[in-house]
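1. With the input below, show me the fold.
(chains A and B)
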Amino acid sequence: GDSVTQMEGPVTLSEEAFLTINCTYTATGYPSLFWYVQYPGEGLQLLLKATKADDKGSNKGFEATYRKETTSFHLEKGSVQVSDSAVYFCALSDQGGTASKLTFGTGTRLQVTL
Amino acid sequence: NAGVTQTPKFQVLKTGQSMTLQCAQDMNHNSMYWYRQDPGMGLRLIYYSASEGTTDKGEVPNGYNVSRLNKREFSLRLESAAPSQTSVYFCASSEEGPWFGSYTDTQYFGPGTRLTVL
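-> Sure thing, here's the model as predicted:
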């Protein structure tokens, strides 16, 4: 079945540091890939997505490129801020069926300090 | 436009008690979902409804029932709560309907219900 593997956290960075959170996936078809972010005490919200190979999703300075050859969708940001502290989830949605059932990774907690 | 709302925010139950978690969305979305979030396990799909009048099991449906009351509302019921159902429950919705290509759609999440079963 489908699965998503992302790096374990927590990840602790100083403000303005470069961020990479690794995500790899296993899927039978050609999935869509997503990064969701969860701020403390809140629900998940979409950060970015890519729906086909070589697509790059971007939002709020975050980027991720859909790499079919390495089955990866790594999240990057050039300069993190304290306000980026949150839990980040990589997810995929595979073809088939009548709804986009998401398969999530376990989440990576990011803590950014001054 | 409130998005996806869930009630209650917090609930404590005793083993064997029943309760219903409510979810409503005001975005005229076709599909709705219930997930549970447990430490170290990400989110897992319990049930989903691709369109009004239909429901299907997800990855972890045992111990739960759902009702798609109308296009806006999707409730989750625990008939006899167990400690293993202690979790944070999230409802989500997406615009898609039962057609090919829907797997690209974004899901919108509610704020969650934190449930403790003693």
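
2. Would you quantify the distance from B:S67 to B:Y89?
-> Counting by Cβ to Cβ, to the nearest Å, the separation of B:S67 from B:Y89 is 15 Å. For the C-beta atoms, the positions are set from N, CA and C on the backbone; glycine is no exception.

3. tell me the contacts of the residue positioned nearest the centre of chain B?
-> What sits nearest the mean C-alpha location of chain B, by Cα atoms, centre = their mean, is B:W34, with 2.2 Å. Neighbour list for B:W34: B:21, B:23, B:45-48, B:58, B:64, B:66, B:74, B:76, B:89-92 [criterion: Cβ atoms under 8 Å, 6 or more residues apart in numbering or on different chains].

4. Can you tell me the strand partners of the strand or helix carrying it and which way each runs?
-> B:W34 belongs to strand B:31-37 when assigned by DSSP states H and E. Each strand paired with strand B:31-37, and its direction, by DSSP bridges: strand B:43-49 (antiparallel), strand B:87-94 (antiparallel).

5. Run through who's touching the first one.
-> Defining contact as Cβ under 8 Å, 6+ apart, one finds that strand B:43-49 is touched by A:44, A:89, A:99, A:101-102, A:104, B:31-38, B:55-61, B:64, B:66, B:68, B:74, B:76, B:89-90.

6. Give the buried subset of those residues as a ChimeraX selection command.
-> Buried members of the contacts of strand B:43-49, defined by 16 or more other Cβ atoms under 10 Å in any protein chain shown, are picked up in ChimeraX with:
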select /A:44,89,99,101,102,104 /B:31,32,33,34,35,36,37,55,58,60,61,64,66,68,74,76,89,90
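
7. does B:Q22 really touch B:Q11, like I thought?
-> No: look at B:Q22 against B:Q11 with Cβ atoms under 8 Å: they stay out of range, at 11.2 Å.

8. Show me what from chain A comes close to chain B.
-> Within chain A, the positions adjacent to chain B are A:4, A:31-32, A:34, A:36, A:41-46, A:49, A:51, A:89, A:93-102, A:104-107 by Cβ under 8 Å from any Cβ of the partner chain.

9. 6 Å instead?
-> Within chain A, the positions lying close to chain B (Cβ under 6 Å from any Cβ of the partner chain) are A:32, A:43-44, A:46, A:51, A:93, A:95, A:98-101, A:104-107.

10. Neighbour-wise, which one of those leads?
-> When neighbours are counted by other Cβ atoms under 10 Å in any protein chain shown, A:L44 leads the residues of chain A next to chain B with 29 neighbours.

11. Can you give me the pLDDT of B:Q22?
-> With respect to pLDDT, B:Q22 scores 97.

12. how about it, what does it touch?
-> By Cβ atoms under 6 Å, 6 or more residues apart in numbering or on different chains, the residues touching B:Q22 are B:T7, B:S75.

13. Can you name the residues bridging to it?
-> The partner residues for B:Q22, given DSSP bridges, come to B:T7.

14. Tell me where the chain has strands.
-> Reading this off chain A. A:3-6, A:11-14, A:19-21, A:23-26, A:32-38, A:44-50, A:56-59, A:62-65, A:75-77, A:86-93, A:102-104, A:108-113 (DSSP state E).

15. Not quite, go with chain B.
-> B:4-7, B:10-13, B:19-25, B:31-37, B:43-49, B:56-57, B:64-68, B:74-78, B:87-94, B:108-109, B:113-117.
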